[in-house]
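Enquirer: what's the 3D shape of this:
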Amino acid sequence: MFRLITAGESHGKGLVGVVEGFPANVKIDIEEINKDLARRQKGYGRGGRMKIEKDRVEILSGIRGGKTLGSPISFLIENKDYENWKPYMNPVDVDGETRKVTEPRPGHADLTGAMKYGFEDVRNVLERSSARETAVRVAIGSIARQLLQNFNIKVVSHVTAIGEAFLQEKVEDIEKIELAEASEVRCCDEAVELAMIEEIKRAKEEGNSLGGVFEIHVTGVPAGLGSYVQWDRKLDAKLAYALMGIQAIKGVETGYGFQNAEKRGSLVHDEIFHSPDKGYYRESNHAGGIEGGMSNGENIMIRCAMKPIPTLYTPLRTVDIETKEAVLATVERSDTCAVPAASVVGEMVAITVIAQEFLNKYGSDSLEEITKRWKDCL
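Expert: Model (predicted):
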């Protein structure tokens, strides 16, 4: 079974990822992983740390001569900012007072995490709960995507809303969505892109933050990934679970889930057709490519809602956990808006789930074995 684990703190030595159950003989381009890491760091509204960190992956095991071995893949993404934090984040000898945090931020893991684990310093929570951890999931997703490229499966994403600026039309044309790659906010419409940038500018001037919505589209997915036989094997459930695990994601829908809830069934359900050249197909895709917990052969479409980042440069009221006095929340270096970056993270998380389910269906020992089974099912 293809599974993964991440480790590391935001200002620690680095981030570590481990992938187990990945098939042998898959060609992996390390520079492709680095390109995806760079995509995650872009976007209008990002903070100052992006000028320090230039993420690159160092493979530690599981790949030899550019091909996977079938053994666990492990890798390191060094935190360049660690040198500035070494006195406070050293695993052995640490200055625990200078950078101590006792003013938890509303909307963050700070207070509840400190209560749960009995910490007197909120830094122990915020370092691990930080979205910096998503760099590992992007690297893992990039590896998964390189596997699925062998089977003509592709993933793209775009931002549909930031604050009150949003796309009014539904965009399902993959070529148009790909235009978002050149946008500072990953929006495929130039007019809406400008409106989004203005929203971010105003929020930054106010010392505020912004959330938004992004869409993920996965093409080429064969019918039958996932299962209807148990609730925890449904593909849409697994995608929602993984995507909700991204920091600040508070809502996930497949297809036009919430819009569909307002309509008659005759306007929602995708009618089924058949032709000798296409096989079974649908002329609409309101379901987002998933029916009964399984991929149905249409493009998979998922929408994710991201809340505004909890760190505000005009901080909110909170309580000091040492003195219990009313204070203003701590201010850690942060972004005004990270929706474009979250869009890239969402891409990589979604394609990881698709890869896991693809291997569940077609096998996982070697690329050759998987390819044979896949071709037998075409």
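Enquirer: only C-alpha atoms for contact and neighbour calcs from this point on.
Expert: Noted.
Enquirer: who's Val16 bridged to?
Expert: Ala7, Leu76 (DSSP bridges).
Enquirer: what's the burial count for it?
Expert: Counted with other C-alpha atoms under 10 Å, the neighbours of Val16 add up to 23.
Enquirer: enumerate every residue touching it.
Expert: Residues near Val16 by C-alpha atoms under 8 Å, 6 or more residues apart in numbering: 6-8, 74-77, 136.
Enquirer: give me the phi and psi angles of Ile290.
Expert: phi -130, psi 120 (degrees, to the nearest 10).
Enquirer: quick one: it from Gly346, how far?
Expert: 18 Å (C-alpha to C-alpha, to the nearest Å).
Enquirer: where does the prediction get shaky in the stretch 1-150 of the chain?
Expert: Counting by pLDDT under 70, the stretch 1-150 of the chain contains low-confidence ranges at 47-53.
Enquirer: state whether Asp55 is indeed within a helix.
Expert: No: counting by DSSP: H, G, I helix; E, B strand; the rest coil, Asp55 falls outside a helix, being coil.
Enquirer: between Ile290 and Gly346, point out the one with more neighbours.
Expert: Neighbours were tallied for Ile290 and for Gly346 using other C-alpha under 10 Å; the higher tally belongs to Gly346 (31 against 26).
Enquirer: what's the burial count for the residue nearest to Gly363 when sequence neighbours are not counted?
Expert: Spatially, and ignoring its direct neighbours in sequence, Gly363 is nearest to Ile370 (5.5 Å; C-alpha to C-alpha, 6 or more residues apart in numbering). If you count neighbours by other C-alpha under 10 Å, Ile370 ends up with 19.
Enquirer: switch to numbering from 465
Expert: Sure, I'll start counting at 465 from here, so that last one is Ile834.
Enquirer: buried sites along the helix or strand encompassing Ile834?
Expert: Assigned by DSSP states H and E, Ile834 belongs to helix 831-840. Neighbour-count burial for helix 831-840, counted by 16 or more other C-alpha atoms under 10 Å, picks out 831, 834, 838.
Enquirer: same deal with stretch 719-730?
Expert: Neighbour counts using 16+ other C-alpha under 10 Å place 719-721 of stretch 719-730 among the buried residues.
Enquirer: stretch 525-538 too?
Expert: 526-527, 532-538.
Enquirer: how long is it end to end?
Expert: 5 Å.
Enquirer: could you tell me which helix of the protein is the longest one?
Expert: Of all segments of type helix in the chain, defined using DSSP state H, the longest is helix 803-826.
Enquirer: report all helices and strands that that helix contacts.
Expert: Taking 3 or more C-alpha pairs under 8 Å, 6 or more residues apart in numbering; DSSP states H and E as contact, the helices and strands that helix 803-826 lies on are helix 494-505, helix 598-612, strand 618-626, strand 676-683, helix 699-708, helix 831-840.
Enquirer: could you report the neighbour count for Ala578?
Expert: 20.
Enquirer: pretty sure it sits in a strand.
Expert: No: if the criterion is three-state DSSP, then Ala578 is helix and not within a strand.
Enquirer: just give the nearest non-adjacent residue to it, would you?
Expert: For Ala578, the spatially nearest residue (C-alpha to C-alpha, 6+ apart) is Val586, at 5.9 Å.
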